[in-house]
Structure formats: structure tokens, C-alpha cells
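Q: Next comes the sequence, and after it the predicted model I'd like to discuss.
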Amino acid sequence: MKDIIKPIAVLAGICLVVTALLAYINMITSPIITKAEEDAAAQARAEVLSEADDFEKLDAELPEGVTEAYKATNGAGYVFMLSTKGYGGEIKLICGIKSDGSIEQTKTLSHMETSGIGSKVVDNESDYRKQYPGKTADDYNTVDAVTGATISSKAYQKAIAAAFEAYDTVKEAK
């Protein structure tokens, strides 16, 4: 009996020590990670709506695919955090729509698209993404899809459609 209990007690002790260390490390690093994520999101907002001086998070009923909405405090426009399902998985992007209703910029935050094909759609230096600045709700769907990446192209376009839907919602809620 002693041969069975001693190894179990040692293993349990090791597990408790490791768990306590992991909890302590998480407690220390969690605020740092959260701050870094908030800083990255603020930088992305400033990139897609450059004329904004600061942003105010909006608490509005948002359409499917829009996770957050921000209003520029100086009236320059709105920024929308978007999520859509592409070919390889979730695509997270951000879209800045100026107060005149045109897109200033879009930026991909993360994606799981196939390298080389689907990534041609979501890459921040892609020709596909560069078609969106200046587009409005009337002509955003006139962009050329990437050959071989139709699902990813349609998913990106669906997210932009959700951004325009959210834009109409928050603009009317003034």
C-alpha cells in the first residue's frame, strides 16, 4: 500500500506546484497581453480611419459578422471589427468607413486561409484588398474576385457588406 500511495502523493504534489506556477504566471501576463491586444486594435483603427483623432465604442445592435463598432470622436467616420468564415476558417478584419459612406481602408487582422491561394485575398498587401478603398455601399460588390479563391473572396465581400449594414444602423442612431 505504501508503494502505491507515495508515488501518487508525489505526482499530486508536482501537479499542485505546476498548477500554482501556471496560475501565477497567467495572473502576471494576462494584463500585459490584454494591453498589447488593446494597443494593436487601437493602432488598426487609426490605420483604417486616419483622419480620426480618437474612437468611442458604440453599444448598438450590430448585424451578423460585425463584432464591434467604433465612432470617430471628431466625426471622421466609423470603424467596424468584422468576422467571417472563409475557405480555411475564420477571417477577422477591420474596415474604416468615412462619414461620406466610402471605405477609407480595410485590414486583415487574422486568417486561416490557404497559403498562396486564399491568402491572396486576405494578405494586407494584396491587390484584392486594395480594390476596396473608395468603394461605397452601391459599388463595393464590383471588385474582382481572386481566381481560385472564390470562397475567400466572397467571404471578404460578405464582411464588407456587413460593415455597410452596420454603418447604416449606427449612422441613423446618432
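A: Nice, I can see it. As the structure is a computational prediction, the values presented were derived from the model and not from experiment.
Q: residues in contact with E56?
A: Y70, K71, A72, T73 (Cβ atoms under 8 Å, 6 or more residues apart in numbering). Every residue, glycine included, has its C-beta placed from N, CA and C.
Q: the helices in the chain, which residues?
A: 2-48, 119-122, 150-172 (DSSP state H).
Q: Minimum distance to S102: which of these has it?
A: helix 150-172 (10.3 Å; Cβ to Cβ).
Q: For the closest one, give the mean pLDDT please.
A: Averaging pLDDT along helix 150-172 gives 90.
Q: likewise stretch 32-48?
A: 90.
Q: what's in contact with it?
A: 52, 55, 70, 79, 81, 94-96, 104-107, 109.
Q: before we move on, the earlier item: between which two of the contacts of E56 is the distance greatest?
A: The distance between the two most remote of the contacts of E56 (Cβ to Cβ) is 9.5 Å, for Y70 and T73.
Q: Would you mark the buried spots in the lowest-mean-pLDDT helix or strand in the chain?
A: In the chain, no helix or strand scores lower on mean pLDDT, DSSP states H and E than helix 119-122, which sits at a mean of 78. Neighbour counts over helix 119-122 (16 or more other Cβ atoms under 10 Å) mark S119, K120, V121, V122 as buried.
Q: could you redo those residues as a markdown table and give each row distance to P133?
A: Putting the buried residues of helix 119-122 into a markdown table (distance: Cβ to Cβ, whole Å) gives the following:
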| residue | distance to P133 |
| --- | --- |
| S119 | 20 |
| K120 | 18 |
| V121 | 16 |
| V122 | 16 |
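Q: re the thing from before, turn the helices of the chain into CSV, columns for distance to Y128.
A: Converted to CSV, these look like this (distance: least, Cβ to Cβ, whole Å):
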stretch, distance to Y128
helix 2-48, 16
helix 119-122, 5
helix 150-172, 7
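Q: between the ones you listed, which gets nearest to G86?
A: With Cβ to Cβ, the closest approach to G86 among those belongs to helix 150-172: 4.2 Å.
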